[in-house]
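Colleague: sequence first, then the predicted structure, then my questions.
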Amino acid sequence: MKIYIARHGQTNYNAYDRICGATDAPLNQKGFEQAEQLAEEVAKHPGIALTVVSPMLRAQQTADAVLRRCPMERRTDSRLREQDYGCFEGKVKGMEPDFRVARWQFAKPCPGGESIFQMAQRIYNFLDELIQENPAGEVLLVAHGSVSRVVRSYFVPMSNEEYAEFSQKNGTLEIYDTEEGAASR
């Protein structure tokens, strides 16, 4: 099975390096352009028959662009929502040294938010079910930066440092093969 994961296009939160997380921000103009470019990239993979999308607006808008270009079955799954960063939501990343520390606290939730372990559990459970239901299929996930980090950790062994530093760019696609257990680009 091949799992393609796309990170949504850019939002103003991304453009201004703000922590977005559970905030339901829309794409900005660049984000819509990235979504269209992503649709062109997805079109190069005609075997994809299903798209599973985060319920968050920025992911839904990105999926809309992809599915206009590449019609296929679409599902929404709340387990693909972005991590809730609690008290850090809306803050500028570089101005929040505590946020950088929080990214290394796997079991401790951000104050008012969700821990990395909690997020990983819901995403790992989702991936286990997806692979069991579609053992030979090709599926596109449209989600978020932290979700793509967890998906990568499902397929690629990562140290804590590699995990914390991995970042999939907005509007890009990563490919994982359950047979190979690794990523390709």
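Modeller: Happy to help now that I have it. Residues are numbered from 1 along each chain as shown.
Colleague: elements contacting the longest helix belonging to the chain?
Modeller: The single longest helix within the chain, with elements called by DSSP state H, is helix 116-133. Helices and strands touching helix 116-133, as assessed by 3 or more Cβ pairs under 8 Å, 6 or more residues apart in numbering; DSSP states H and E, comprise strand 2-7, helix 145-155. C-betas here are computed from N, CA, C, even on glycine.
Colleague: show me where pLDDT drops low in this protein?
Modeller: 180-185 (pLDDT under 70).
Colleague: which residues in it form strands?
Modeller: Under the criterion DSSP state E, the chain carries strands at the ranges 2-7, 50-53, 73-76, 138-143, 173-177, 182-184.
Colleague: quick check: chain neighbours aside, which residue is closest to the residue minimising distance to the centre of the chain?
Modeller: The centre of the chain sits closest to His144, judged by Cα atoms, centre = their mean, with a distance of 2.8 Å. Spatial nearest neighbour of His144, chain neighbours left out: Glu82 (3.8 Å); criterion: Cβ to Cβ, 6 or more residues apart in numbering.
Colleague: that neighbour: how many residues sit nearby?
Modeller: A count of nearby residues for Glu82, using other Cβ atoms under 10 Å, gives 23.
Colleague: could you pull up the residues touching it?
Modeller: Cys20, Gly21, Ala22, Ser54, Met56, Ala143, His144, Gly145, Ser146, Val147 (Cβ atoms under 8 Å, 6 or more residues apart in numbering).
Colleague: hmm, Leu80 and the last one touching each other?
Modeller: Yes. Counting by Cβ atoms under 8 Å, a contact exists between Val147 and Leu80, whose distance comes to 5.7 Å.
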